[in-house]
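A.B. asks: My questions concern the predicted model and sequence given below.
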Amino acid sequence: MARMKFLCDTERCIECNGCVTACKNENEVPWGVNRRRVVTINDGVPGERSVSVACMHCSDAPCMAVCPTDCFYKTEEGLVLHNKDACIGCGYCFFACPFGAPQFPNGPAAFGMRGKMDKCTFCAGGPEENGSKAEFEKYGRNRLAEGKLPLCAEMCSTKALLAGDAAVISDIFRERVMHRGKAGEAWGWTTAYGKPEQARERAREQNREGQK
Amino acid sequence: MKKALFLALTATIGLAACGEHSQVPSYKQGNYQGKSDTRPWEGAKFAGDKQAWDNALRARNQGQSEYNRVK
């Protein structure tokens, strides 16, 4: 059974915020809520890194543990989804989540005034009929039911953000790291995509071996 | 006698609050109480065909690897 996860390759993320925009548009996310955000560490300093963060669909999700109305559930694909009808907007999940994924449309307001919690659904909707109007209005698009992956990952221009079965995306990432080799102190294009001179050297070596 | 009784009563009442009781609430894992969700392959597009859904998702998954795409 697939275990859906996100994986962000920080060597490749160029902080374009395409994932944020794609998510906002695809799910018609309410004002004040960003289901996905790009966080940059050491901004402006050589060697800075950006990472796209949203709900990580934790295997042992703290939001599920603290919810007083038990409105969270885990799907067979390992996604942490929630039922907005049962949410009372207490904000416990917001405090429990280490990634700041659960957010409230009315922002920091008094208890009962924050509105229903909203978070990344891995483009898998919620507990409504797949692809229905009610599902879209409450949770956003259900791309998973259309056989598609979350739009943030599919839209990513550098393919820094990968989404899908944990085993598959881990393999993709591993293969990528094998191709580009060790980064060392380098930072930028050659680290993210490999060094062209290395590829040329490899080809030369192969030619030499072929001639022997 | 009265004094002894008074002291005994005072000590009983006064020390009654000194008992050690666990003040940590026992945590009980909650169960989801809401309505059930339909599975992704049970929508209009796949009509319950899990194999077709798996294949569609696998293709999308592999499409994320440019090394696969350029092979």
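C.D. replies: Perfect, I can see it now.
A.B. asks: tell me the phi and psi of A:Met4?
C.D. replies: phi -70, psi 130 (degrees, to the nearest 10).
A.B. asks: Can you verify my assumption that it contacts A:Val168?
C.D. replies: No: shown here, A:Met4 and A:Val168 do not form a contact pair, counting by C-beta atoms under 8 Å, at 10.1 Å. C-beta: built from backbone N, CA, C; applies to glycine.
A.B. asks: Low-confidence bits of the chain, can you list those?
C.D. replies: As the question left the chain open, I've gone with chain A. Scanning chain A for pLDDT under 70 picks out the ranges A:1-2, A:182-192, A:194-202, A:212.
A.B. asks: looking at chain B here, not the other one
C.D. replies: Within chain B, the segments meeting pLDDT under 70 span B:25, B:27, B:71.
A.B. asks: make it 50
C.D. replies: Applying pLDDT under 50 to chain B flags no residue at all.
A.B. asks: Which secondary structure state is assigned to B:Ala4?
C.D. replies: Classification of B:Ala4 by DSSP: H, G, I helix; E, B strand; the rest coil places it in helix.
A.B. asks: Give the burial count for it, as a bare number.
C.D. replies: 8 (other C-beta atoms under 10 Å in any protein chain shown).
A.B. asks: how far away is it from B:Cys18?
C.D. replies: 21 Å (C-beta to C-beta, to the nearest Å).
A.B. asks: cool, B:Leu5 as well?
C.D. replies: Taking C-beta to C-beta, one finds B:Leu5 at 21 Å from B:Cys18.
A.B. asks: With neighbour numbers in mind, choose between the two.
C.D. replies: B:Leu5 (9 against 6).
A.B. asks: residue contacts, A:Val39?
C.D. replies: A:50-53 (C-beta atoms under 8 Å, 6 or more residues apart in numbering or on different chains).
A.B. asks: please redo it, this time with the cut-off set to 6 Å
C.D. replies: Contacts for A:Val39 (C-beta atoms under 6 Å, 6 or more residues apart in numbering or on different chains) come out as A:51, A:53.
A.B. asks: what about A:Ser59, how many neighbours?
C.D. replies: 11.
A.B. asks: Also A:Pro98?
C.D. replies: A:Pro98: 9 neighbours (other C-beta under 10 Å).
A.B. asks: ok, now how distant is it from chain B?
C.D. replies: Separation of A:Pro98 from chain B (C-beta to the nearest C-beta, to the nearest Å) stands at 19 Å.
A.B. asks: May I have the secondary structure class of that residue?
C.D. replies: coil.
A.B. asks: Leaving aside the residues adjacent along the chain, what's closest to it?
C.D. replies: A:Pro62 (7.4 Å; C-beta to C-beta, 6 or more residues apart in numbering or on different chains).
A.B. asks: pretty sure the one you found contacts A:Ala96?
C.D. replies: Yes: using C-beta atoms under 6 Å, A:Pro62 is in contact with A:Ala96, at 4.1 Å.
A.B. asks: can you count the residues close to the residue nearest to A:Pro98?
C.D. replies: 14.
A.B. asks: go on, A:Glu28?
C.D. replies: Number of residues near A:Glu28 (other C-beta under 10 Å) recorded here: 10.
A.B. asks: Beyond whichever strand or helix holds A:Leu7, next helix or strand please.
C.D. replies: Using DSSP states H and E, A:Leu7 falls within strand A:4-8. Downstream of strand A:4-8, the next assigned helix or strand under DSSP H and E is helix A:18-27.
A.B. asks: Just name whatever secondary elements that following helix is in contact with.
C.D. replies: helix A:151-155 (3 or more C-beta pairs under 6 Å, 6 or more residues apart in numbering or on different chains; DSSP states H and E).
A.B. asks: Kindly format the C-alpha coordinates of the helix it packs on as PDB.
C.D. replies: Output of helix A:151-155 as PDB, limited to C-alpha atoms (Å, rounded to 0.1, in the frame of the first residue of the first chain):
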ATOM      1  CA  LEU A 151      -0.300  20.200  -8.000                       C
ATOM      2  CA  CYS A 152       2.500  21.800  -6.000                       C
ATOM      3  CA  ALA A 153       4.800  18.900  -6.800                       C
ATOM      4  CA  GLU A 154       3.600  18.500 -10.400                       C
ATOM      5  CA  MET A 155       4.000  22.200 -11.000                       C
END
